[in-house]
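**Q** any chance you can model this:
(chains A, B and C)
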Amino acid sequence: MSAAIATPEGQAARVWKRFRRHRLALAGALVVALLLASALFAPLLAPQDPTLLDTALRFRAPFTDWRFPLGTDELGRDTLSRLLHGGRVSLTVGLVAMVTTVMTGALIGIAAGYLGGIADTLLMRFVDTMLCFPQVFLLLVVAAFVPPTLLSISLVIGLTSWMEVSRIVRAEILHLKEQDFVAAARALGASRSRIMLRELLPNAAAPILVAATLKVASAVLMESYISYLGYGVQPPLASWGNMLTNAQGYFDTVPWLAILPGAAITLTVMGFNFLGDGLRDALDPRLRMDP
Amino acid sequence: MADALLKVTGLEVHFPIRSPFLRRRTGTVRAVDGVNLEVARGETLALVGESGCGKTTTGKAILRLIDPTGGSIRFRGEEIAHHTPRQLAPFRRRMQIVFQDPYASLNPRMTVGGILAAPFEIHRIGDAKDRPGRVAALLRTVGLPPEAARRYPHEFSGGQRQRIGIARALALQPDLVIGDEPVSALDVSIQAQIINLMRRLQAELGLAYIMISHNLAVVSHVADRVAVMYLGRVVETAPREALFFDARHPYTQALLSAVPEPVPGGRRTRRVPQGDVPSPAHPPLGCHFHPRCPHAMPVCSQEAPASRIVSPGHAVACHLVPA
Amino acid sequence: MIGFVLRRLLQAVPLLVGVSLIGFGLMHLAPGGPLAIYTLNPTIQVQDIERIKIIFGLDQPVHVQYVKWATGIFSGNWGYTFFGGRPVLDVILERLPATLLLMGSALSVAIVLGLSVGVLGAVKRYSVFDTLATTGALFALSFPTFWFGLMAIFVFAIELRWLPSGGMWELGEEGSILSLLRHLVLPTMVLALVITATWSRYARSAFLEVMHQDFMRTARAKGVTPKARLLRHAFPNAAKPLIALLGVELPFLFSGALVTETIFGWPGMGRLFVDALGMKEYPVLMGMMMFTAIFVILGNLLADIAIAAIDPRVRLQ
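**A** Now for the predicted structure:
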């Protein structure tokens, strides 16, 4: 009857089988793995110090000088090194923002779904209200208010994008809480927090994992938006977003300076999106977009 | 009954029907509408009726999984119908439940060990060190190997899962276990095993059972007494033999006639009630059964029959039976 | 139907209250409060700030301020800009046409393109076209709008010199429709990209769902032609989730418009927002937050009413 509930090990093989069929998702997983590794080992991989200036070496084109494989920027800094270190920054923001988003969204979704009644109404009205504001507007206003540090930027992105997660989790909890194992926990006298965190949360893991993956993609994108508009990561710290802003000034003469960080953002966002899409297909047939 | 473990009087569970807009109350479903029950220590009471008659809701209300709208629930002499969750905590140990669907009643993301350790964690019994031992003992009690603790519910068959559900219910050494159709989702061959397990445990641990069932045949094996429910009310309560051989309520008689006859040749005329069960949102006036009753009289549609004692322990709510 | 519209209108009230509370709260949580521009300016004397506070009513208790501000919002008095002291609502409304033009043209392109791609994909499911379209949509959804914009400028304005790189009109050609259209092409393309991708995905799944229902099989069994089946039977049923999408996507459209307008120097609300942010023009920022939120609420309301008009079941819930 309730075989619809995912069970751990028995499904692992099936999930992997479904995931493997999805070639783009595999490619996404590979890209994500490479990006994470390059961010982790950026100091080792970068050929130069990303902040080292040398105005004599401005605007080297890519592939012309072995010391600067991807050329140099307007201050003579090595583009590859900046890309690697910028990736570190962008991915850190993406991951921290994702954790914030998922934790906030999951807690609010679980509370609304399990407690029901007034709590549900109030929380979901709050979600509806937050969703009325265009995210970039909300993000920029708050980002402009707080001093831009890596942590504050991540938190601001996380706290303006949890609403979808809470809706997804709430829907899942509404379905789960009618199951008898929840009634059994109540009959044993389990507290509400125990039921929400120990009984319900692990069962909502699949949709949360999918949302988390897709949220990294959107957080990286959001970071690049606000950095591009000047309210995100501040120079001299490199992020892909502010590299693009700098590059915009020399756009007509040295386009590669803009092409490279943009390509890095696109690749990252795509990697996480493909991975998330594949995970959704593999983990949770009910959430699937395409049958 | 002197030694009543549980005494339920006038239990009511009403669910509001609300309009989709502004949540105005537009009606009431009287799922349980004045139920009286008694269970003695160590005995088995069967609660029987068609689906939708309110028997499961009655069971869940007794366990306070659903809040009763009215009436009294006295357990071990204490009124618990209006206890707060904190006040209920000690009673949770004394009253447990085994569910119908062994697939939905075990958390798929927990190991069997985790599921069986939960009662001890919740009630802070023992410490983390001795829990594996307690879990192993529980598994042994229900006839499963201790290694089962490391595995997940989906690795077990339906019957094995139901054993795990029973083990969980027994963890806190309750006085009363409510079985909500505990075998109806199992294969017939497995049903007998589980029934026998429950009877053995009853004898060993002195448990009282409330067996909720739609199946009179199952009940005939296990029950000491039987209560028959129809549309939120108990229409007849009797010791097992009295119910099977001297049923007084037309509804009970109809139910009995629908049971397949175990003795070939000993045919009974089937008396199937006409029509459908009315909605509990709009129950008929008077006796709820009168629109389908072959013996309905004018008074039946006006006045709900009070319970009359036919013989010791045998009570019927029917106008046909002289008060 | 009238009852349904009234009910939905009533349900929008708590949303409006919530939106105004968040807007008001943000303004007062801002460092320096709504007067940051003055308090952070060293040339302004403390007593002047006190005077300004009284003029703006900021010496009153918070709830009084909120009520005054909120009633102002609903009666058309949205406050005044710090620079120039112009009514905020006027400043926003004069930017509205440019934004509506851009959003409208991008949305029309996206709906036409996205619907065709999605429906074709659904009809020829798992064909080469379908695979390319679904993969392409996922690619498009991963593109940072501003980067795509920069690339478009690079290719079409700088390298090929086919189209202008920004603005709304050539100098001296203000009001010329032809010039406007030329300037509209690139921003429309950029803004439409992501929306097209979303629409094609939703249209595909909406049609796939409808096409497998019993009434479609019945229509086929009756001998209804494929074209009529698609237009007369599938379309009205698949339209519902798509209309809902129209309402839900509105905030994304505003976000996208903001980024697009910044890249192309398009003088719309998004540009206004970014400029106001740079000048710490809190009244304008808050006014725009409220404006877009109210716009979104009304958009969703209209979408719901349109759905109810198509499907009588929705009216009864």
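
**Q** what about the residue most central in space within chain B, distance to chain C?
**A** A centroid search over chain B (C-alpha atoms, centre = their mean) returns residue B:212, at 3.1 Å, as the residue closest to the centre. As judged by C-beta to the nearest C-beta, to the nearest Å, residue B:212 and chain C stand 34 Å apart. (C-beta placed from N, C-alpha, C; glycine too.)

**Q** helix/strand/coil for that residue?
**A** strand (DSSP: H, G, I helix; E, B strand; the rest coil).

**Q** just checking, it touches residue B:59?
**A** Yes: counting by C-beta atoms under 8 Å, residue B:212 does reach residue B:59; the two are 5.2 Å apart.

**Q** overlap in contacts, those two.
**A** Both residue B:212 and residue B:59 are in contact with B:47, B:178, B:180, where contact means C-beta atoms under 8 Å, 6 or more residues apart in numbering or on different chains.

**Q** what's the neighbour count on residue 160?
**A** In the absence of a named chain, chain A is used. 23 (other C-beta atoms under 10 Å in any protein chain shown).

**Q** oops, wrong one, chain B.
**A** 19.

**Q** ok, residue A:111 next?
**A** Neighbour tally, residue A:111, other C-beta under 10 Å: 20.

**Q** what of residue B:167?
**A** 25.

**Q** again, but for the one 4 residues further on
**A** Using other C-beta under 10 Å, residue B:171 has 25 neighbouring residues.

**Q** where does the stretch 151-300 of chain B dip in pLDDT?
**A** By pLDDT under 70, the weakly predicted segments of the stretch 151-300 of chain B are B:259-274.

**Q** what's the answer for the stretch 1-150 of chain C, then?
**A** Flagging of the stretch 1-150 of chain C using pLDDT under 70 yields the residue ranges C:30-42, C:44, C:55-59.

**Q** residues in it within reach of chain B, list them.
**A** Residues of the stretch 1-150 of chain C lying near chain B by C-beta under 8 Å from any C-beta of the partner chain: residue C:7.

**Q** change it to 10 Å
**A** By C-beta under 10 Å from any C-beta of the partner chain, the part of the stretch 1-150 of chain C that sits against chain B consists of C:3, C:4, C:6, C:7, C:8, C:10, C:11.

**Q** of those, grab the buried ones for ChimeraX.
**A** Here is the ChimeraX selection string for the buried members of the residues of the stretch 1-150 of chain C next to chain B, based on 16 or more other C-beta atoms under 10 Å in any protein chain shown:
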select /C:4,7,8,11
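
**Q** which one of the residues of the stretch 1-150 of chain C next to chain B is nearest chain A?
**A** residue C:11 (9.6 Å; C-beta to the nearest C-beta).

**Q** so where does the closest one fall, helix or strand?
**A** Per DSSP states H and E: residue C:11 is located in helix C:2-29.

**Q** could I get the contacting residues of residue 251?
**A** In the absence of a named chain, this looks at chain A. The neighbours of residue A:251, taking C-beta atoms under 10 Å, 6 or more residues apart in numbering or on different chains as the test, are A:244, A:257, A:258, A:259, C:150, C:153, C:154, C:158, C:165.

**Q** you answered for a different chain; I wanted chain B.
**A** B:49-50, B:53, B:228-231, B:235-236, B:271, B:273, B:287-289, B:292-293, B:317-318.

**Q** how much space is there between the residue nearest to residue B:231 when sequence neighbours are not counted and chain C?
**A** Among residues not flanking residue B:231 along the chain, residue B:288 sits closest, at 4.2 Å (C-beta to C-beta, 6 or more residues apart in numbering or on different chains). According to C-beta to the nearest C-beta, residue B:288 stands 30 Å off from chain C.
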